[in-house]
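Chemist: Please work out how this folds:
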Amino acid sequence: MAVDGGLCAFHADPKRAAQLGRMGGSKNRRHDPLRSETEPLRPPQTAKEVKDLLAEAMAGIHAGRLEPRMGSVIAYLGTALLRAIETTDYQERIEALEESDKKG
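Modeler: This next block holds a predicted model:
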């Protein structure tokens, strides 16, 4: 759609195009509302820590501090991490039982 001079709206006003680009770019900035600026996020190590992180994410979504899409990612990764924690726990228990069986 051409405006004055036969140029499109962006080429007719380069400053406006730059302004719109900055506005769009600011939407792509990463901000983690679950993370404190003073306290770095430590990956959850236990099932309870995963549960707490998931609960915090749910509260963040409900309060509008966290995008639902990011909540979906956290839930997906949290589920995978819970499985890994459970598998590791089972493996450690099996190894402990095998070790005690060798001794006894």
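
Chemist: domains of the chain?
Modeler: 1-30, 41-103 (automatic domain parsing).

Chemist: start to end distance for the longest one?
Modeler: If I follow you right, that is domain 41-103. Criterion C-alpha to C-alpha, to the nearest Å; first-to-last residue distance in domain 41-103 is 42 Å.

Chemist: and that domain, average pLDDT?
Modeler: Per-residue pLDDT over domain 41-103 has a mean of 94.

Chemist: do the shortest one as well
Modeler: Regarding domain 1-30, the rounded mean pLDDT is 67.

Chemist: picking that back up, could I get the domains of the chain in JSON lines, plus columns for mean neighbour count?
Modeler: (Each C-beta comes from the backbone N, C-alpha and C, glycine too.) Compiled in JSON lines, the domains of the chain are given as follows (neighbours: other C-beta atoms under 10 Å):
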{"stretch": "domain 1-30", "mean neighbour count": "10"}
{"stretch": "domain 41-103", "mean neighbour count": "13"}
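
Chemist: Quick check: which element contains I85?
Modeler: Using DSSP states H and E, I85 maps to helix 68-103.

Chemist: Run the chain-centre distance for that helix.
Modeler: 20 Å (C-alpha atoms, centre = their mean, to the nearest Å).
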